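Engineer: Pasting the sequence and the predicted model now:
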Amino acid sequence: MGVLNVTPDSFSDGGRALDPDHALDLALAMEAGGADLIDIGAESSRPGAAPLSGRDERRRLLPVMRKLHRLRIPLSIDTTKAEVARFGLDEGAVIVNDVSGLQYEPALGDLVAVRGAPLVLMHMRGRPADMYAHAQYGDVPTDVARDLTRAIERAVSRGVAWDRLILDPGLGFAKRAGDSAAALAGLSALAALGRPLLVGPSRKSFLTAAIGDVAAPDRDWATAAAVTAAVLGGSHIVRVHAVPQMVQVARVADMIRGHGNGTSQGRAAAAP
């Protein structure tokens, strides 16, 4: 999943995708680089970000999404608002990605249920302005799985089909660096919930706990390690910025995962 942030304060690309023509170029490059789908969002969810009205969110998205009709791969609309999700689906998106896990606007679930779109439920506590105040965990994977179980219950109660749900541990959201690492290491707790997993480690600040004070655009090597861990841990989708590079990383990690459960040992033993 390629990332296309239509925001002026994107931590990764500095707002380059605000220009519709440049956004199209970025999206086409991701498609050519091997992206299977692209996630587009217009409201920043970085720590301390100010909320955006639905009207302003739609205003940012409109010229870009009209350009993206040229894509051959599916679009995901990254929003917590029903009105923006409706707009995005009307403009060609086929997936809704809600970073709040239906906590902010449960009516979003009603829309998704009617439209039959897949819904990504991400783990989040609080809002971007105060989310780190909620980073209080016992066992991180267990707590995240419990919170996402409640998100599933919220979605199903609004009529969303269980088999249309995708789960995201929300790395970096209401999680300090150690919490994000623990969530990534403990993906099996989410896999046990029986739904596909989406993991988004790309260029996030938790990586600097291992690599030091490296600027976001220069964190792709660190991202590659996290993508590998995500795929080996059971993730079905990885959300990334550097698509061509991470396609290679994900495919190799997936190949290794496919040779697990003792099968690779059998082949090695038979080799001359």
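Structural biologist: Done, it's in.

Engineer: My guess is L71 contacts M30. True?
Structural biologist: No: if you go by Cβ atoms under 8 Å, L71 and M30 don't touch, sitting 9.1 Å apart. Backbone N, C-alpha and C define where each C-beta goes, glycine included.

Engineer: Give me the common contacts of the two.
Structural biologist: I38 (Cβ atoms under 8 Å, 6 or more residues apart in numbering).

Engineer: Pick out whichever of the two has more residues nearby.
Structural biologist: M30 (25 against 17; other Cβ atoms under 10 Å).

Engineer: Thought L24 was touching that one, still the case?
Structural biologist: No: with contact defined as Cβ under 8 Å, M30 does not reach L24; the gap is 10.8 Å.

Engineer: A222 - nearest residue in space that isn't next to it in sequence?
Structural biologist: Nearest residue to A222, sequence neighbours excluded (Cβ to Cβ, 6 or more residues apart in numbering): L207, at 4.1 Å.

Engineer: residues near that neighbour, how many?
Structural biologist: 25.

Engineer: now it, what's its secondary structure?
Structural biologist: Assigned with DSSP: H, G, I helix; E, B strand; the rest coil, L207 falls in the helix class.

Engineer: and L62, what does it touch?
Structural biologist: Taking Cβ under 8 Å, 6+ apart, one finds F87, E91 in contact with L62.

Engineer: ok, it to L4 distance?
Structural biologist: 14 Å (Cβ to Cβ, to the nearest Å).

Engineer: and M30, what does it touch?
Structural biologist: G2, L4, I38, V243.

Engineer: per-residue confidence at it?
Structural biologist: Predicted confidence (pLDDT) for M30: 98.

Engineer: Can you check my assumption that it lies in a strand?
Structural biologist: No: per three-state DSSP, M30 lies outside any strand segment and is helix.

Engineer: so how far is T80 from the nearest residue to it once chain neighbours are set aside?
Structural biologist: Of all residues not flanking M30 in the chain, G2 sits nearest, at 3.6 Å (Cβ to Cβ, 6+ apart). Distance, G2 to T80, by Cβ to Cβ: 21 Å.

Engineer: Check L148 too.
Structural biologist: 16 Å.

Engineer: And V3, its phi and psi?
Structural biologist: phi -100, psi 130 (degrees, to the nearest 10).

Engineer: so it touches S202, yeah?
Structural biologist: Yes: using Cβ under 8 Å, V3 is in contact with S202, at 6.5 Å.

Engineer: list the buried ones in stretch 160-171?
Structural biologist: Across stretch 160-171, burial judged by 16 or more other Cβ atoms under 10 Å covers V160, R164, L165, I166, L167, D168, P169, G170, L171.

Engineer: which one is the third one nearest to, not counting chain neighbours?
Structural biologist: Nearest residue to L165 in three dimensions, chain neighbours excluded: R195, at 5.0 Å (Cβ to Cβ, 6+ apart).

Engineer: rewinding a little: so for L148 and T80, which residue has more residues nearby?
Structural biologist: T80 (26 against 23).

Engineer: For the more buried one, which three-state class applies?
Structural biologist: Strictly by three-state DSSP, T80 counts as coil.

Engineer: Which parts of the stretch 1-150 of the chain are helices?
Structural biologist: Listed in chain order, the helices found in the stretch 1-150 of the chain under DSSP state H, counting those that start in this stretch are 20-32, 54-67, 82-90, 107-115, 140-157.

Engineer: With A250 as the reference, name the closest of those.
Structural biologist: Closest approach to A250 among these (Cβ to Cβ): helix 20-32, 13.6 Å.

Engineer: quick check: angle from that closest one to helix 54-67?
Structural biologist: 60 degrees (axes from the mean of the first three to the mean of the last three Cα atoms, to 10 degrees).

Engineer: Going by neighbour count, list what's buried in helix 20-32.
Structural biologist: Buried, per 16+ other Cβ under 10 Å, within helix 20-32: P20, A23, L24, L26, A27, L28, M30, E31.

Engineer: Next: stretch 91-98.
Structural biologist: Residues E91, A93, I95, V96, N97, D98 are the ones in stretch 91-98 that count as buried (16+ other Cβ under 10 Å).

Engineer: Also stretch 31-46?
Structural biologist: For stretch 31-46, by 16+ other Cβ under 10 Å, it's 31, 34-35, 37-46.
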